[in-house]
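Enquirer: Sequence first, predicted model second:
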Amino acid sequence: MEYEFTQTWTKEDYVAFSTNHMMISVFKLTNVILFTVSIGYLIVTPLFTGDFTFFFMGIAVFMFMVFFLLYTRYSAKRSYDRNIDLMTINFRLNEDGITYLNKEGELLRYWKDFFSFKETPLYFFIYFNRNNGMLLAKRDFSEEMTKYVIDNVTKNVDAKRIKLLK
């Protein structure tokens, strides 16, 4: 079976991909635990020492993390605006994998080469390694195409690296 389709990513799509990428790289579970313990220690220190220096440092680190999240989203919006002509991509799905089709040629990504896969109600986030991934917006998919992608991913990708909707 083979499907060909064209997707034009919106600014919201691009921001969603950038935010997801940041969440899996910076705000992964081990980092969140580390941040929580570190910031918690800095905030609780005045109860034991009476010195509020570390308290304010803890608040500053927390505010920096919030700023970092907001800046990432802002930066993604600016990047989208600068590269809007690159946001329309043709795809082909078949038994081999996903093929990007553009004026420079074709690039096939095999199903077995996927590093990780995450499904949300609106998107498929596909990664080929820790730092290289892509987005497929589900709005352009029929129910049959969605099932086809999920079936191929579950057959070819390590189950620990797949997050599907239930």
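Expert: Happy to help now that I have it.

Enquirer: List the buried residues in the lengthiest helix in the chain.
Expert: Ranked by residue count under DSSP state H, the longest helix found in the chain is helix 53-82. Across helix 53-82, burial judged by 16 or more other Cβ atoms under 10 Å covers 54, 55, 58, 62, 65, 72, 76, 80. All C-beta atoms are positioned from the backbone trio N, CA, C, and that covers glycine.

Enquirer: Please report the distance of the residue of the chain most remote from its centre from residue 58.
Expert: Most distant from the centre of the chain: residue 50, at 42.1 Å, with distances by Cα atoms, centre = their mean. Distance, residue 50 to residue 58, by Cβ to Cβ, to the nearest Å: 15 Å.

Enquirer: Mind jotting down where the helices sit in the chain?
Expert: Under DSSP H, the chain gives helices at 11-25, 29-49, 53-82, 143-156.

Enquirer: okay if I get those as a markdown table plus distance to residue 136 and mean pLDDT?
Expert: Converted to a markdown table, the helices of the chain look like this (distance: least, Cβ to Cβ, whole Å; pLDDT from 0 to 100):
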| stretch | distance to residue 136 | mean pLDDT |
| --- | --- | --- |
| helix 11-25 | 10 | 88 |
| helix 29-49 | 25 | 83 |
| helix 53-82 | 17 | 88 |
| helix 143-156 | 7 | 93 |
